[in-house]
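Q: One predicted model, sequence on top.
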Amino acid sequence: MTTRLTLWRQLFTEHPRVLLANDAFTVTAFRYASGVEGLRVENSRGHLVILPWLGQMIWDAEFDGRDLTMRNMFSEPKPATEVVATYGCFAFHSGLLANGCPSPEDTHPLHGEMACAAMDEAWLELEEESLRVTGRYEYVMGFGHHYQAQPAVVVHKESALFDIHMAVTNLASVAMPLQYMCHMNYAYVAGARFSQNIPDDALALRESVPAHVRPTERWLAFNRRILQGEASLAALNEPHYYDPEIVFFADRLDRYTDRPEFRMTAPDGTTFITRFSSAELNYATRWILYNGDQQVAAFALPATCRPEGFLAAQRNGSLISLAPQQTRAFSVTTGIGG
């Protein structure tokens, strides 16, 4: 049996309010000083803080006493229309009309319009073993595209793994472009090692230099060593080389497996896992950055394409065309596993 609880903005105030509590889950509504509404979902292993009205971002994630979220400069989420203006979250939905870093010729914002979308509805769905936070967003533009997005986060009883979902339906009478990335900004863990169930050489170093990257001589030399096989980034043990960012791309994952699984294992044995279906998400990006303000080890960002903007996807054939009334759904499982 599923129990549905509709969320209203009036429930979110500066004084935290418990909306639901049972043996498995506790859900608390509150509002940050910035005015952004937060929903804390706890189980016996830890908690997520979800922003139900702001693109359904996951602002904070902590399980088994570990903070999963990248080090960043934000003490709280900010009201924003572009993700870069509130870039302190654990995860956001990148897309849906465009994804990634726009080229100089692209016209879309960084990571698209969905990341900070003003959600139209939000609600909870409680089952015996799980709790789902979901909602609905309708995008409509005169003489443009029209779609409905339904993101969701599912927390499971006594588990440190959780699911992130996105479903997109084209409501227009003509086809729409679709790009999507589940953008999870995992914390940098010194000494952690990467592993995955695809060949190591399936991960290719990004050789282009986006506009936001300011190369240094040391960084360029490290990139050359990786390309020449003299260095690798299988472990996080040389942080002085990871500024600016180091990025790897894994394309057409269905060549290797139906169910890609990426792992980051800390020196103490704690293993962070991300798994998904290559039939839904056939690309993955690894993003590493370490400096005084931001430290991130996004070991797997599952996507429908590389995060290089709309025009790049159009050129290389990874841009999806969603037919009128067609729905595409994506699902990612992530967190701390065995």
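A: Sure thing, it's come through. None of these values were measured; they are calculated from a predicted model. Numbers count the residues shown, from 1 in each chain.

Q: gap between Gly35 and Tyr242?
A: Between Gly35 and Tyr242 the distance is 34 Å, computed by CB to CB, to the nearest Å. C-beta: built from backbone N, CA, C; applies to glycine.

Q: more neighbours, these two?
A: Set Gly35 next to Tyr242 and count neighbours by other CB atoms under 10 Å: Tyr242 wins out with 21 against 12.

Q: Next one: that one relative to Asn223, how far apart?
A: In terms of CB to CB, Tyr242 sits 11 Å off from Asn223.

Q: what comes into contact with stretch 202-210?
A: 101, 196, 215, 223, 226-227, 246-251, 253, 256, 286, 308 (CB atoms under 8 Å, 6 or more residues apart in numbering).

Q: For those, which two are the farthest from each other?
A: Across the contacts of stretch 202-210, no pair lies farther apart than Pro215 and Tyr256, at 31.0 Å, counting by CB to CB.

Q: of these two, who's got more company?
A: Tyr256 (14 against 10).

Q: Do I have it right that that one meets Asp200?
A: No: between Tyr256 and Asp200 there is no contact, the gap being 11.2 Å when judged by CB atoms under 8 Å.

Q: ok, Ile164 - how many residues close by?
A: The burial count for Ile164: 25, using other CB under 10 Å.

Q: What residues does it make contact with?
A: Ile164 neighbours (CB under 8 Å, 6+ apart): Ile58, Ala91, Pro151, Ala152, Val153, Cys182, Met184, Ser331, Val332, Thr333, Thr334.

Q: Which of these fall in strands?
A: Of the contacts of Ile164, the ones assigned to strands by DSSP state E are Ile58, Ala91, Pro151, Ala152, Val153, Cys182, Met184, Ser331, Val332, Thr333, Thr334.

Q: I'd like to know the beta-bridge partner residues of the fourth one.
A: In this structure, Ala152 bridges to Thr134, His165 when assessed by DSSP bridges.

Q: Pull up the gap between the closest residue to Asn197 other than its chain neighbours and Leu319, please.
A: Spatial nearest neighbour of Asn197, chain neighbours left out: Glu261 (5.0 Å); criterion: CB to CB, 6 or more residues apart in numbering. Distance, Glu261 to Leu319, using CB to CB: 26 Å.
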